[in-house]
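Asker: based on what follows, work out the 3D shape:
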Amino acid sequence: MINKLLYILCCLLFVHSAKAQKTADFTADYIKSAAFTKDSQSVNPFFELGESFSIEFDDLYGNEGNYFYRVKAYNYDWTPSKLKQIEYIKGMENQRIKNYVNSYNTLQSYTHYKLTFPNAMYRITKSGNYILEIYDEDNEVVIRRKFILYETMVNVPSQVKRTRNLKYSETKQNVDFTIKLGDAPFQNPVQNIKVAIFQNGRWDSYIKDIKPMYTIGTDLIYKYDGETQFWAGNQFLYFDNSDIRQVNNMIFSNKIENGIYNTYLYTNESRRYKGYTYFPDINGAFYPRIIGGKNANAEAEYSWVYFSFKPDSDMPDGVDYYITGMFNGYELTPSSKMAYNTQKEAYEKAILLKQGFTNYSYTAVFKNKVNPELNPDGNYALTTNQYQIIVYYKSATDLYDRVIGFAEANAKEITY
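Answerer: Residues are numbered from 1 along each chain as shown. All right, here's what the predicted structure looks like:
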């Protein structure tokens with residue numbers, strides 16, 4: 001009996017793991033700079049239904065490989081939707097990405113691809129949660145990305161406030177908002193309306209399954225003390241190697257080694273106890289660009305960027321450090337994990353990145369979990385995070401979770 005129960009438990013864990021892998025963002029090792037974009041700058045994956053947006057990426061093989069795409073619909077909880085493809089897609093499957101260009105005058109060869117939605121062959125007709133998969137001729141997925149399409153059926157006034165819990169008043173931020181339903185006939189809105197709250201568009205920390213604290217007329221009020229709080233983190237670090245041959249206050253050396261550029265950054269020291277200092281960032285995004293060139297998509301170089309970080313001595317033993325940002329989708333993979341250099345007493349890692357302006361951060365993983373409280377650069381309530389609020393609705397007769405509202409709030413205007 002015990003062996004049978006263990007077998008069943010293992011099967012359930014395997015199924016759960018398989019489902020998680022099918023919805024987790026993924027990027028093949030030879031694919032770089034993959035991101036949803038507008039005007040070639042990476043953006044968060046939330047778009048109004050019918051709005052034009054793109055995904056761009058580079059294939060380092062540089063051989064004009066054939067890539068195809070498909071979009072799958074999902075529910076609020078990221079389980080597969082009951083919708084049939086014909087009910088949310090107008091167009092044909094197995095479309096090849098035709099917009100691509102080879103790099104030129106670069107040490108690292110690559111092919112740059114750009115896929116725009118909607119396009120003449122493919123259009124998504126319903127709001128909701130989606131996963132985009134880009135795959136090769138062997139049907140192997142090389143990029144998987146979650147994204148959300150929304151409608152503006154309801155207003156969602158929102159603001160970022162300091163938490164009323166004095167213990168965390170200097171380290172956390174609270175998102176207050178109201179869903180104004182107006183005169184629209186929503187069925188049992190307290191039960192059928194759901195929300196998801198994001199900090200800087202990140203999937204690894206978003207909050208869901210929050211019911212309204214109370215209602216006033218047709219307004220749903222969310223003014224919790226703890227349920228809608230986030231650790232505030234710190235301003236993103238950055239470097240700018242748009243001029244690949246020059247040094248600046250982030251970069252102490254640029255050189256060509258083994259036929260490719262190498263960019264060496266100054267060592268970053270932990271900011272956990274240094275107090276908050278404001279400097280502008282782009283909330284984790286990256287922006288390929290070049291000085292003296294016209295088309296960064298095909299003319300920008302790739303460079304091995306050497307990161308170095310010294311954490312505080314009071315961090316617990318067994319913490320792993322990763323370099324994360326929108327440039328790698330915040331993925332915690334071996335390609336972003338830092339190694340300790342005993343001689344320099346610092347953690348180091350080299351990552352191949354496209355030339356331009358790049359935000360990044362250091363992420364601490366303790367006991368196989370990201371622990372925001374152990375943020376290597378501290379948590380400060382004045383950090384200028386951008387928050388996104390997604391509002392879903394599904395009546396008893398609907399087949400899918402419709403996204404009926406979207407709002408953003410910036411902590412630059414944080415209040416008590």
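Asker: quick one: pLDDT of Ala28?
Answerer: pLDDT recorded at Ala28 is 96.
Asker: and it, how far from Lys98?
Answerer: As judged by Cβ to Cβ, to the nearest Å, Ala28 and Lys98 stand 20 Å apart. All C-beta spots, glycine's among them, are computed from the backbone N, C-alpha and C.
Asker: those two: who's more crowded?
Answerer: Relative neighbour count places Ala28 above the other of Ala28 and Lys98, with 17 against 12, counting by other Cβ atoms under 10 Å.
Asker: roughly how far does that one sit from Asp136?
Answerer: According to Cβ to Cβ, Ala28 stands 9 Å off from Asp136.
Asker: now list whatever residues contact both of those two.
Answerer: Overlap between the neighbourhoods of Ala28 and Asp136 consists of Val142, taking contacts as Cβ atoms under 8 Å, 6 or more residues apart in numbering.
Asker: tell me where this protein is predicted with low confidence.
Answerer: 1-21 (pLDDT under 70).
Asker: per the annotation, how does it divide into domains?
Answerer: Listed domain ranges for the chain are 24-150, 158-232+382-413, 237-374 (source: automatic domain parsing).
Asker: direction included, what does the host helix or strand of Thr215 pair up with?
Answerer: For Thr215, the element it lies in under DSSP states H and E is strand 214-216. Pairing partners of strand 214-216, with direction, according to DSSP bridges: strand 219-222 (antiparallel).
Asker: could you list every helix and strand in contact with the next helix or strand after the strand it pairs with?
Answerer: Toward the C-terminus, strand 219-222 is succeeded by strand 229-231 as the next helix or strand (DSSP H and E). The helices and strands touching strand 229-231, judged by 3 or more Cβ pairs under 8 Å, 6 or more residues apart in numbering; DSSP states H and E, are strand 172-180.
Asker: which parts of whatever helix or strand comes next after the strand it packs on are buried?
Answerer: Toward the C-terminal end, the helix or strand that comes next after strand 172-180 (DSSP H and E) is helix 189-192. Burial within helix 189-192, assessed by neighbour count using 16 or more other Cβ atoms under 10 Å, is assigned to Pro189.
Asker: just checking, next helix/strand downstream of helix 189-192?
Answerer: On the C-terminal side of helix 189-192, the nearest following helix or strand under DSSP H and E is strand 193-199.
Asker: between strand 172-180 and that following strand, find me the angle.
Answerer: Here strand 193-199 runs at an angle of 150 degrees relative to strand 172-180 (axes from the mean of the first three to the mean of the last three Cα atoms, to 10 degrees).
Asker: what strands line up against strand 193-199, and which way round?
Answerer: In the sheet, strand 193-199 lines up against strand 207-208 (antiparallel), strand 386-393 (antiparallel) (DSSP bridges).
Asker: just the ones you listed: most buried one?
Answerer: strand 386-393 (a mean of 23; mean count of other Cβ atoms under 10 Å).
Asker: so how far is that strand off the chain centroid?
Answerer: Per Cα atoms, centre = their mean, to the nearest Å, the displacement of strand 386-393 from the mean C-alpha position of its chain is 15 Å.
Asker: now the closest residue to Lys344 other than its chain neighbours: how far from Ser253?
Answerer: Once its chain neighbours are removed from consideration, Lys344 has its nearest residue in Ser308; the separation is 7.3 Å (Cβ to Cβ, 6 or more residues apart in numbering). The spacing between Ser308 and Ser253, counted by Cβ to Cβ, is 12 Å.
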